[in-house]
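J.: only geometry, no sequence info:
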């Protein structure tokens, strides 16, 4: 009798999980933001230690594109009981094993995201107990930027404190660590992040600590205001402030950076999306002649050594070469400055 009851329970929970229903729901949510989600085999239900769906051979790419944004060997979606009994489709925990993230494909998708004017503004998904990613790698132009990456977060719910911890190794094997604390919120216009506290360290002597807030209303409609300091083991501590201003009919998304400290000062305005494209040309052997990076402002350095060559009193002027917003005609040179 007990065996019959156990068998009935297994069949009942299997029916409640309905892998095809949840797979279709995930694929529909991906299509809503211009993504295609595919699995190497149908999702399989699991009962212990909690109801979940096991995903094999995960591929996520921009709709119509052939280059995947993410490839992963395995994934697991833990589901709350109220979802199984017809409640809102939410995820208790997301686990992904050995994913490979391609930054070029990711940037292409971000470039094509519609603004909030053309569709529903982005919203924060709800994950009750967090995300776990292990053995990940991040690549650009088929070159590994980060390897052996591990990431774990706390719960992701609007209005609740959110934590993220990341460890990895760069291409040279140096350790990278990131710690982020913030409170996400949603509204009819999009999402925001309050009380941001960010710590980033690279190698043995470089770290960045920033505090502030940010918001995202879709595509390049993003802004942020962060301030703090940078510690360099061989140079000292520097004050750092970052301001991100949203794109408009004249200007692209712009990052304003101010750095001040012993022997180094900088005030620059950089379009991060165009800068990423320029930076990628550094690793492209057939990229042709590389010009100055896009942006405006100046950098002053009392002393610098590069490749055995030293210089004193170096000043770099970027000029006013900020590209116009993609949806507008090029702005006259005089309009690039604030």
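T.: Here it is on my side, so go on. All of these numbers come straight from a predicted model, not from anything done at the bench.
J.: Please look at residue 222 and residue 254 and confirm they touch.
T.: No: between residue 222 and residue 254 no contact is recorded; they are 10.4 Å apart, counting by Cβ atoms under 8 Å. Yep, even glycine has a C-beta here, placed from its N, CA and C like the rest.
J.: and these two? which has more neighbours close in?
T.: Per other Cβ atoms under 10 Å, whichever of residue 222 and residue 254 has more neighbours is residue 254, with 23 against 18.
J.: count of neighbours near the closest residue to the more buried one other than its chain neighbours?
T.: Spatial nearest neighbour of residue 254, excluding adjacent residues (Cβ to Cβ, 6 or more residues apart in numbering): residue 245 at 4.9 Å. The burial count assigned to residue 245 is 17, neighbours taken as other Cβ under 10 Å.
J.: still on that earlier bit, between residue 222 and residue 254, what contacts are shared?
T.: Counting by Cβ atoms under 8 Å, 6 or more residues apart in numbering, the residues touching both residue 222 and residue 254 are residue 244.
J.: The residue most central in space within the chain: which element?
T.: In the chain, the residue lying closest to the centroid (Cα atoms, centre = their mean) is residue 106, at 8.8 Å. For residue 106, the host element (DSSP states H and E) is helix 103-111.
J.: Same question for residue 167.
T.: Going by DSSP H and E, residue 167 is part of strand 162-170.
J.: so how far is whichever helix or strand comes after that strand off the chain centroid?
T.: Using DSSP H and E, the helix or strand that follows strand 162-170 in sequence is strand 175-187. A distance of 11 Å separates the C-alpha centroid of strand 175-187 from that of its chain, computed with Cα atoms, centre = their mean, to the nearest Å.
J.: Same check on stretch 251-260?
T.: 19 Å.
J.: same question, stretch 125-136
T.: 14 Å.
J.: now stretch 170-184
T.: The answer for stretch 170-184 is 12 Å, by Cα atoms, centre = their mean.
J.: So for it, mean pLDDT?
T.: Average pLDDT, stretch 170-184: 94.
J.: which residues touch it?
T.: In contact with stretch 170-184 (Cβ under 8 Å, 6+ apart) are residues 124, 143-147, 156-169, 191-203.
J.: quick check, residue 28 in a helix?
T.: Yes: per DSSP: H, G, I helix; E, B strand; the rest coil, residue 28 lies within a helix segment.
J.: separation between it and residue 22?
T.: 11 Å (Cβ to Cβ, to the nearest Å).
J.: and if you look at residue 238?
T.: 49 Å.
J.: if we can go back for a sec, next SSE downstream of the helix holding residue 106?
T.: strand 131-140.
J.: circling back: direction included, what does the strand holding residue 167 pair up with?
T.: Sheet pairing for strand 162-170, assigned by DSSP bridges, gives strand 143-153 (antiparallel), strand 175-187 (antiparallel).
J.: Those strands into a markdown table, with extra columns for mean neighbour count?
T.: Listed next are these as a markdown table, based on neighbours: other Cβ atoms under 10 Å:
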| stretch | mean neighbour count |
| --- | --- |
| strand 143-153 | 15 |
| strand 175-187 | 16 |
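J.: will you turn those into CSV that also has distance to residue 301?
T.: Below are these laid out as CSV (distance: least, Cβ to Cβ, whole Å):
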stretch, distance to residue 301
strand 143-153, 26
strand 175-187, 25
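J.: Please identify which of those strands is closest to residue 266.
T.: strand 175-187 (22.7 Å; Cβ to Cβ).
J.: so residue 302 makes contact with residue 236?
T.: No: at 12.0 Å, residue 302 does not count as touching residue 236 under the criterion of Cβ under 8 Å.
J.: For the residue nearest to residue 59 when sequence neighbours are not counted, what is the enclosing helix or strand?
T.: In this structure, residue 59 finds its nearest non-sequential neighbour in residue 38, 4.6 Å apart by Cβ to Cβ, 6+ apart. Residue 38 belongs to strand 35-46 when assigned by DSSP H and E.
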